[in-house]
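Peer 1: Sequence first, predicted coordinates after that:
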Amino acid sequence: MDRARPESMDMAMTSLEGSGQAGVADARTDLLERFETIYREADGDCSRIPWAHARACPFLMNWLDAEGPSYVRPGARVCVVGCGLGMDAAALVERGYDVTAFDACSCAIESARQLHPDLARSFVHRDLFDDPGKYRHRFDMVVEVHTLQSMPPEMWLGMAKRMSELVSTRGVMVVVARGRDAGMPSGVVDGPPYPLTQDELLEALEGCGFEPVRAIDNFMDDNSPAVRRLRGCFRRSG
């Protein structure tokens, strides 16, 4: 595609990897500490976590019902990044997938294990920016629900790059994110969350060598007031 890459995307390629982007790293650390505090004080109570729900993400579940079997069959290895309290991971296990779920917040992982004791071994306290190690190219599907939007725009490409390293050669990455109108500058959003435009989502995934399997879903949900959502399935280009 022939779109100009936003400056923030270029910054993210080197941020958090020892290139002197200290301000970016500090901002990320501050946000993670905020999230950790919220998870710790909530002690597994979804109602006390602004972004948590007592059910799996319906936009992910709808995609799995309609399209998921075309890309991943039961028994496939699936990774959920930024798993939070583990509702999405648990729903994927119920559908027959071999699930590993990561979160950078230790309190989120502790709560997920308490809420889903039969799946405790599936939940791993792991920072997305850790070296993939044994997880490199391990998963047939990587699921990202509302994780990119938890960090500012200058981090999106770096996060997407790390997620892409988890995807197997023929695997896919499924992304669900809060959306932003194309004409709305990112700087006017006082996040988190930091909603993405459709082009920003495409840029982040294309920047790490992935392309959508079809047009991204861009829709208003049934909340009151309605919220724009983006949903896409991506695979390696070429």
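Peer 2: All right, it came through fine. Since the structure is predicted, the reported quantities are computational estimates derived from the model, not experimental observations.

Peer 1: where are the low-confidence patches of this protein?
Peer 2: Counting by pLDDT under 70, the chain has low-confidence residues at 1-22, 186-188.

Peer 1: repeat that for 90
Peer 2: Where the chain drops to pLDDT under 90, the residues are 1-28, 182-191, 238.

Peer 1: need the longest helix for it.
Peer 2: helix 22-42 (DSSP state H).

Peer 1: helices or strands next to that one in the packing?
Peer 2: Counting contacts by 3 or more Cβ pairs under 8 Å, 6 or more residues apart in numbering; DSSP states H and E, the secondary-structure elements packed against helix 22-42 are helix 106-115. In this view, the C-beta of every residue, glycine as well, is placed from N, C-alpha and C.

Peer 1: Show me what the helix it packs on is packed up against.
Peer 2: The contact analysis (3+ Cβ pairs under 8 Å, 6+ apart) places helix 106-115 against helix 22-42, strand 98-103, strand 123-125.

Peer 1: Can you list the buried residues in it?
Peer 2: In terms of neighbour count (16 or more other Cβ atoms under 10 Å), helix 106-115 has its buried residues at 107-113, 115.

Peer 1: Figure out how far the longest strand anywhere in the chain is from the centre of its chain.
Peer 2: The strand of greatest length in the chain, counted in residues with DSSP state E as the criterion, is given as strand 167-178. Centroid separation for strand 167-178 versus its chain: 9 Å, with Cα atoms, centre = their mean, to the nearest Å.

Peer 1: Okay, now the sheet partners of it, with direction.
Peer 2: If you go by DSSP bridges, strand 167-178 pairs up with strand 139-145 (parallel), strand 228-236 (antiparallel).

Peer 1: sorry, back to before: and the angle for the longest helix of the chain with strand 98-103?
Peer 2: With axes from the mean of the first three to the mean of the last three Cα atoms, to 10 degrees applied, the angle from helix 22-42 to strand 98-103 works out at 110 degrees.

Peer 1: all numbers from here: first residue = 30
Peer 2: With the count now opening at 30, the last piece we talked about shows up as helix 51-71.

Peer 1: what angle do helix 51-71 and helix 135-144 make?
Peer 2: Interaxial angle of helix 51-71 relative to helix 135-144 (the same axes, to 10 degrees): 30 degrees.

Peer 1: how many degrees apart are the helix or strand that comes right after helix 51-71 and strand 168-174 in direction?
Peer 2: Using DSSP states H and E, the next helix or strand after helix 51-71 towards the C-terminus is helix 87-95. Helix 87-95 and strand 168-174 are oriented at 150 degrees to each other (the same axes, to 10 degrees).

Peer 1: for Ser253, what are its contacts?
Peer 2: Contact criterion Cβ atoms under 8 Å, 6 or more residues apart in numbering gives no residues in contact with Ser253.
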